[in-house]
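A.B. asks: Have a look; sequence and predicted model below, questions after that.
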Amino acid sequence: MGSLRIENVQKSFGKVEVLKGIDLAVEDGEFVVFVGPSGCGKSTLLRVIAGLEDATSGKVLIDGVNVVATPPAKRGIAMVFQTYALYPHLTVRDNMGLGLKQAGTPAAEIDKRIGIASSMLSLEPYLKRRPAELSGGQRQRVAIGRAVVREPKLFLFDEPLSNLDAALRVNTRLEIAQLHRRLKATMIYVTHDQVEAMTLADKIVVLNAGKIEQVGAPMELYNNPANEFVAGFIGSPKMNFVDGARLGEAQAKTIGVRPEHLSVSATSGAWKGTVVHAEHLGADTNLYLDCEKAGLVTARIFGVYNAEPGATLYATPDPTKTYRFDAEGRTIR
Amino acid sequence: MSRATSSPARLIGAHAVLIAYTVIALFPVLLIVMNSFKARNAIFRSPLTPPTPETFDPVGYTTVMAQGDFLLYFQNSLVVTVGSLFFVILFGAMAAFALSEYRFRGNTLTGLYLALGIMIPIRLGTVAILQLMVASGLVNTLTALILVYTAQGLPLCIFILSEFMKTVSDDLKNAGRIDGLSEYRIFFRLVLPLVRPAIATVAVFTMIPIWNDLWFPLILAPSEGTKTVTLGAQIFIGQFVTNWNAVLAALSLAILPVLVLYLIFSRQLIRGITSGAVK
């Protein structure tokens, strides 16, 4: 059980407003990802939910109860940190059991829960070790295990994969996704990496400058971005933005086309341009074209495409998949 | 040392400088210890020669042991030093934790106020301190010394430790809070072990001036029962006659306890257990 409602939460540090009135509802069992550029307030929002930071105003309700005045340990939450934050002087077993011990759980129950969590995360061989004797990936698994044993209403993840190398990041991401499926628990996950957001989330919350830009399922954000910011933030490589006036579009300030929705031809097309750089990734090729009409655009072509820098190519946007934005950056539907 | 970064000439040069410094630093100590084992005549005739069978004379040590109650002086010095050290570290670390961890109105101002003591010598307040001790009936007690030395040691301790405590990972402290640890447990169990090397540094810097101090024992606790070693050694220095054998012997003996304390703390300086807590 674990639903979360946030009502008009504001937070300022001195004169700096970090959160400018956040409203959000998270249903029981949902995996919600907060995503946004650094400094957008996503970590602060998570810390407000955890109770590590007091909101300047507003309400945080967990299972319908306002927890604004409840200390973190009594909120029924567990948190996984970017830097693992394991207790250096305790063994893996004691690291996982400390929270339960503090809450006065009987020893037999603690052992049982540690047993379940450690088998789930394949940590059994390491239970007697100290954090210093573990690798980065193992440490993060212990940190996740420490959260699992508490059987919280809410799991909070604060950029848990940022300190891991690329290969481990993919593995651990998979483990977190499986964990969510098994526990069916409510999870809130903060990241600046939109790939993590797209792959893990039931629902993505895009934050920018202390405000929610859009909330929705990953594909909804990809297909129907509410504004220019979301359109640019979701999708990799980033969406191309072209000044509307240059393309002779009267109502739209900006036109957006995703790199994968540009088709390229050597003979004819809408935008003539020269190849500035080509990135060959095997499965796909990213071409950077300097177009006469549209400026520098990125085109993503599936499979191998041989293009030398300096060559002339024509790029054509898919007309059904272009986005138009007004002067305020909102999508024109 | 890798061969790529060192040439024999640089190696010799560096070691020559280090050895020269070691000799300069150790020379006075060696001189004291050496002469403390010599007869009075030999001390003045050839102060730089080590004791030979002819000049060897432990009279200094026998005098020290026989005259005055040196065991008690040692005990007093130890009580005062260890006691002050304990309170300096305890209160200093707590204040440093509060300054580095909590945001509150006047945080910077409080920090500056507490650091003021580094710049203003406590001896300027001697008269007021003496009046205070007389009024509270603490003259000629070790408590008076411990109180004064605690005040003397706190500013530097707070200054150094608050800088170090800022480097302790916030995530670790927050993990403790979520696991329901009290702020005291977070402080004692998580933060203090991680700043142990800094505490050892502070301990060494605090301990040595206290052990060597003559000023406050002389003014606040000169009675026979509360004399410290440094003050006790002064009985051999007279206006007209000075018993150099005894003075040198007393000073040599006074080096030992502080050396032991230093060795204990310097082990902590080297040992760090931070690794593995956070990346």
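C.D. replies: In hand now; what should we look at? Numbering: from 1, shown residues only, chains lettered A, B, ... in the order given.

A.B. asks: What residues does chain A have near chain B?
C.D. replies: For chain A, the residues in contact with chain B (CB under 8 Å from any CB of the partner chain) are A:47, A:50, A:52, A:71-74, A:77-79, A:81-89, A:98-99, A:102-103, A:130-134, A:136, A:139, A:146, A:158, A:163. All C-beta atoms are positioned from the backbone trio N, CA, C, and that covers glycine.

A.B. asks: Could you work out the end-to-end span of stretch B:234-248 for me?
C.D. replies: 11 Å (CA to CA, to the nearest Å).

A.B. asks: So the nearest residue to A:Val67 once chain neighbours are set aside versus B:Asn35, what's the distance?
C.D. replies: Leaving aside its sequence neighbours, A:Val67 sits nearest to A:Arg75 (CB to CB, 6 or more residues apart in numbering or on different chains; 5.0 Å). Distance of A:Arg75 to B:Asn35, computed by CB to CB, to the nearest Å: 70 Å.

A.B. asks: Of the two, which one has the most company?
C.D. replies: B:Asn35 (27 against 20; other CB atoms under 10 Å in any protein chain shown).

A.B. asks: my read: the more buried one touches B:Arg45, true?
C.D. replies: No - checked against CB atoms under 8 Å, the pair B:Asn35 and B:Arg45 is beyond contact range at 11.1 Å.

A.B. asks: For B:Ile199, see how far away the residue nearest the centre of chain B is.
C.D. replies: Geometric centre of chain B, nearest residue: B:Met207, 1.5 Å, by CA atoms, centre = their mean. Distance, B:Met207 to B:Ile199, by CB to CB: 12 Å.

A.B. asks: Show me the helices in the stretch 201-333 of chain A, by range?
C.D. replies: A:218-223, A:228-233 (DSSP state H, counting those that start in this stretch).

A.B. asks: Confirm A:Leu156 sits in a strand?
C.D. replies: Yes - membership of A:Leu156 in a strand is supported by DSSP: H, G, I helix; E, B strand; the rest coil.

A.B. asks: and residue 168, what are its phi and psi?
C.D. replies: Using chain A here. phi -60, psi -30 (degrees, to the nearest 10).

A.B. asks: Actually, chain B is the one I wanted.
C.D. replies: Taking degrees, to the nearest 10 as the convention, B:Val168 sits at phi -70, psi 130.

A.B. asks: Do I have it right that it meets B:Pro193?
C.D. replies: No - B:Val168 is not in contact with B:Pro193 according to CB under 8 Å; the separation is 9.9 Å.

A.B. asks: can you list contacts of stretch A:171-186?
C.D. replies: A:2-4, A:26-32, A:120-121, A:137, A:140-141, A:144, A:148, A:152-155, A:157, A:160-161, A:164, A:187, A:189, A:196, A:199-200 (CB atoms under 8 Å, 6 or more residues apart in numbering or on different chains).

A.B. asks: Would you mind writing the CA trace of that stretch as PDB?
C.D. replies: The C-alpha trace of stretch A:171-186 is given here as PDB (Å, rounded to 0.1, in the frame of the first residue of the first chain):
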ATOM      1  CA  ASN A 171      22.100  -4.400 -15.200                       C
ATOM      2  CA  THR A 172      21.000  -2.500 -12.100                       C
ATOM      3  CA  ARG A 173      18.300  -0.700 -14.100                       C
ATOM      4  CA  LEU A 174      17.000  -4.100 -15.100                       C
ATOM      5  CA  GLU A 175      17.100  -5.300 -11.500                       C
ATOM      6  CA  ILE A 176      15.200  -2.300 -10.300                       C
ATOM      7  CA  ALA A 177      12.500  -2.900 -13.000                       C
ATOM      8  CA  GLN A 178      12.200  -6.500 -11.900                       C
ATOM      9  CA  LEU A 179      12.100  -5.500  -8.300                       C
ATOM     10  CA  HIS A 180       9.200  -3.200  -9.000                       C
ATOM     11  CA  ARG A 181       7.300  -6.000 -10.800                       C
ATOM     12  CA  ARG A 182       7.900  -8.400  -7.900                       C
ATOM     13  CA  LEU A 183       7.100  -6.100  -5.000                       C
ATOM     14  CA  LYS A 184       4.300  -4.100  -6.800                       C
ATOM     15  CA  ALA A 185       5.400  -1.300  -4.500                       C
ATOM     16  CA  THR A 186       5.100   2.400  -5.200                       C
END
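
A.B. asks: What mean pLDDT does that stretch get?
C.D. replies: Computed over stretch A:171-186, the mean pLDDT rounds to 91.

A.B. asks: Now find how far off-centre that stretch is within its chain.
C.D. replies: 15 Å (CA atoms, centre = their mean, to the nearest Å).

A.B. asks: One more: stretch A:168-179?
C.D. replies: 14 Å.

A.B. asks: Also stretch A:60-73?
C.D. replies: 24 Å.

A.B. asks: how long is that stretch end to end?
C.D. replies: 15 Å.

A.B. asks: Check which residues of it are buried.
C.D. replies: By neighbour count on 16 or more other CB atoms under 10 Å in any protein chain shown, the buried set for stretch A:60-73 is A:Val60, A:Ile62, A:Val67, A:Pro72, A:Ala73.

A.B. asks: how many other residues sit next to the residue in the stretch 1-150 of chain A that chain B sits nearest to?
C.D. replies: Closest residue of the stretch 1-150 of chain A to chain B, CB to the nearest CB: A:Ala132 (2.8 Å). Each residue near A:Ala132 was counted by other CB under 10 Å, and the total is 14.

A.B. asks: State the pLDDT value of it.
C.D. replies: pLDDT, read off for A:Ala132, is 90.

A.B. asks: ditto for the one 4 residues further on
C.D. replies: We note a pLDDT of 87 for A:Gly136 in this prediction.

A.B. asks: Please apply the same query to B:Thr274.
C.D. replies: At B:Thr274, pLDDT is 42.

A.B. asks: Compute the distance between the nearest residue to A:Ala299 once chain neighbours are set aside and B:Leu130, please.
C.D. replies: In space, and not counting its chain neighbours, A:Ala299 is closest to A:Leu262: 4.2 Å by CB to CB, 6+ apart. Shown here: A:Leu262 relative to B:Leu130, a distance of 86 Å by CB to CB.
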